[in-house]
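Visitor: Fold the following, please.
(one chain, ligands or ions: 1)
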Amino acid sequence: MKLGTSRFKLWFLFFFSVIFIVALSWLLIHRLESDKPTITTSLKSGVIGVSQKITITVADESSGLRQIRAGLVQNGKERLLIDKTNFAQVDLLGRGGTLKDTFPITVTPKKLGLTDGPANLRIVASDQSWRNWGKGNHQNIGKKIIIDTHPPEIDILTRVHNIQQGGAGLIIYKVSENCSLSGVYVGENFFPGYSGNFKDPYVLMAFFALDYRQGPETALYLQATDEAGNTSKAGFPFHVRAKKFKKDTITLSDRFFERKMPEFKTYFSANENLSLSEQFLKVNQKMRQENYQQLVKITATTDNTLYWSGDFLRFPNSAPRAGFADHRTYKYKGETIDHQVHLGVDLASLKHAPVPSANKGKVTFTGRIGIYGKTIIIDHGFGLFSTYSHLSRISVKKGQPVSKGAIIGNSGMTGLAGGDHLHFGMMIHKTFITPIEWWDAAWIRKNITNKIEAIKKDT
Ligand SMILES: [Zn+2]
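Guide: This is a model prediction of the structure:
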């Protein structure tokens, strides 16, 4: 009996010791976790301008946050941005802490007494682990930044900028520092400038266009934004020439509708009970708008390589059928049913005539675009594009380089075309321009290539 009791006591003691050791080990392992807090910032460029919004996010999944401190250090002096210690305390088991905190702050260098130049963004965070004699795990990041509160300077290198309504122009300029975006504003329309054509990376070139609707009152100016977000504007001398565009009447017939509208059948839903002329109107208006939006997307990206040289080729042995920016009135059964503007040149040759690329470039799109039918778009670099529509056949692929005069397809009447012809268009990014200037070697020399060559000599 005696032996039994002491044995029982021993077992009892042993049993509880094991439980105690297991519990203590668990607690120590758990509360002595070594995962450091993580720190992320929204700062991408590393350059801070006049005023910069930064979001700092600190997280600690294991034991919760204890302290966060962030500051900007310049010349050994720290300007405090964040200093937070009043986080929720965790209980003995490590529960109830703040696992994540976000700090949206606005840094205004001038208010903080910082000057233009390098500085260091330092962020320190600790968690509620028992490590480091109860001070927790530390995370520490330092980020080199540049404070730049001065807008870039713009030096215009080209002297003459003549442009006509629906026409193109070129400007070359130099910026005083790296710019995240710069270019020409033509009224509301922005034309980005690109480096790449000159040795000096601060010398940029921008092709720009005056929309056919923009008259001589249009304001043109350059704008440059540096990486810190500082923006400056600069005017430049320009001369805008107004242009009157032709008027044209297109007479629609049931025969045309019957022949053409089946091609657009998939554009209409089955329950849409539209007459042929109503179908035509929807294609000529709504689809035309949608097609334009597609062109805007396609011509948004360009190569900063000046692929082309010399004048652009006109579709060989062709007769003009319609001009650029012809203002068209559509008549059906003696009544005016629509008005649209024709933003290309229609050229007719033989049926299924081979179509050459107007100049050297890179194919950036092939496929059907609604009213334009089978279409090829060529990027000639620096935002200049040529488009070939209503084709019967496309013989090039996207991404393919093409030389001047290379056969890229055959003319046809796909899309909203009444007969076999090539609809040839030119664009500077999203703005349609008249191809006539680009068919004219003298115009190109005077307005484009002479300007580039004059600057190439010194840069
Ligand atoms: Zn056309």
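Visitor: hang on, residue 63 in a strand?
Guide: No: looking at residue 63 with DSSP: H, G, I helix; E, B strand; the rest coil, it is coil, so not inside a strand.
Visitor: so how far is the ion from it?
Guide: From residue 63 across to the ion, the span is 70 Å (CB to the ion, to the nearest Å). No exception for glycine: its C-beta is placed from N, CA and C like everyone else's.
Visitor: Run through the residues that contact that residue.
Guide: 31, 33, 35, 90, 94, 97, 127-129, 136 (CB atoms under 8 Å, 6 or more residues apart in numbering).
Visitor: how far is stretch 387-396 from where the chain is centred?
Guide: Here stretch 387-396 is found 27 Å from its chain centre; the criterion is CA atoms, centre = their mean, to the nearest Å.
Visitor: what's next to that stretch, contact-wise?
Guide: Here stretch 387-396 has contacts from 295, 344, 352, 355, 363, 366-367, 369, 372-378, 402, 407-415, 417, 420-427, using CB under 8 Å, 6+ apart.
Visitor: Quick one: buried ones out of these?
Guide: 295, 344, 355, 363, 366, 369, 372-378, 402, 408-415, 417, 420-427 (16 or more other CB atoms under 10 Å).
Visitor: can you pull the pLDDT of the closest residue in space to residue 290 that isn't next to it in sequence?
Guide: With sequence-adjacent residues excluded and distances taken as CB to CB, 6 or more residues apart in numbering, residue 290 is closest to residue 370, at 6.6 Å. Per-residue pLDDT puts residue 370 at 97.
Visitor: got it, and residue 170?
Guide: On pLDDT, residue 170 comes in at 98.
Visitor: Tell me, how many residues neighbour it?
Guide: Using other CB atoms under 10 Å, residue 170 has 20 neighbouring residues.
Visitor: Which phi and psi values does it adopt?
Guide: Note on residue 170: its backbone torsions stand at phi -140, psi 140 [degrees, to the nearest 10].
Visitor: And it, how far from residue 447?
Guide: Distance of residue 170 to residue 447, computed by CB to CB, to the nearest Å: 6 Å.
Visitor: got a winner among the contacts of residue 63 for most neighbours?
Guide: Neighbour tally across these (other CB under 10 Å): the maximum, 30 neighbours, falls on residue 127.
Visitor: quick one: contacts for residue 236?
Guide: 156, 158, 161, 171, 173, 220-222.
Visitor: out of the residues you listed, which are buried?
Guide: Buried, going by 16+ other CB under 10 Å: 158, 161, 171, 173, 220, 222, out of the contacts of residue 236.
Visitor: quick check, nearest of the residues you listed to residue 276?
Guide: residue 220 (44.8 Å; CB to CB).
Visitor: I'd say that closest one and residue 237 touch.
Guide: No: shown here, residue 220 and residue 237 do not form a contact pair, counting by CB atoms under 8 Å, at 9.6 Å.
Visitor: Residue 104 pairs with what?
Guide: Going by DSSP bridges, residue 104 is paired in beta bridges with residue 55.
Visitor: rewinding a little: need the contacts of residue 236 in JSON lines (columns: distance to residue 142).
Guide: Shown next, in JSON lines, are the contacts of residue 236 (distance: CB to CB, whole Å):
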{"residue": "156", "distance to residue 142": "40"}
{"residue": "158", "distance to residue 142": "44"}
{"residue": "161", "distance to residue 142": "47"}
{"residue": "171", "distance to residue 142": "42"}
{"residue": "173", "distance to residue 142": "37"}
{"residue": "220", "distance to residue 142": "45"}
{"residue": "221", "distance to residue 142": "40"}
{"residue": "222", "distance to residue 142": "37"}
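Visitor: Just flag the most distant two among these.
Guide: 158 and 221 (14.1 Å).
Visitor: The residue of the stretch 301-450 of the chain found nearest the ion: which element?
Guide: For the stretch 301-450 of the chain and the ion, the shortest gap (CB to the ion) falls at residue 423, measuring 3.4 Å. For residue 423, the host element (DSSP states H and E) is strand 422-428.
Visitor: Up against the ion, what does the protein have?
Guide: 344, 346, 423 (CB under 5 Å from the ion).
Visitor: hmm, try it at 6 Å
Guide: Residues of the chain lying close to the ion (CB under 6 Å from the ion) are 322, 342, 344, 346, 423.
Visitor: residue contacts, the third one?
Guide: By CB under 8 Å, 6+ apart, residue 344 lies in contact with 324, 387, 389, 423-426, 432, 435.
Visitor: What are the boundaries of the helices in the stretch 201-350 of the chain?
Guide: Per DSSP state H, counting those that start in this stretch, the stretch 201-350 of the chain carries helices over the ranges 254-260, 276-282, 288-298.
Visitor: deepest of these, which one?
Guide: Comparing the helices of the stretch 201-350 of the chain by mean neighbour count (mean count of other CB atoms under 10 Å), helix 276-282 ranks first with a mean of 18.
Visitor: Now do it: everything it contacts.
Guide: For helix 276-282, using CB under 8 Å, 6+ apart, the contacting residues are 252, 254, 257-258, 260-261, 264, 267-268, 274, 332, 337-338.
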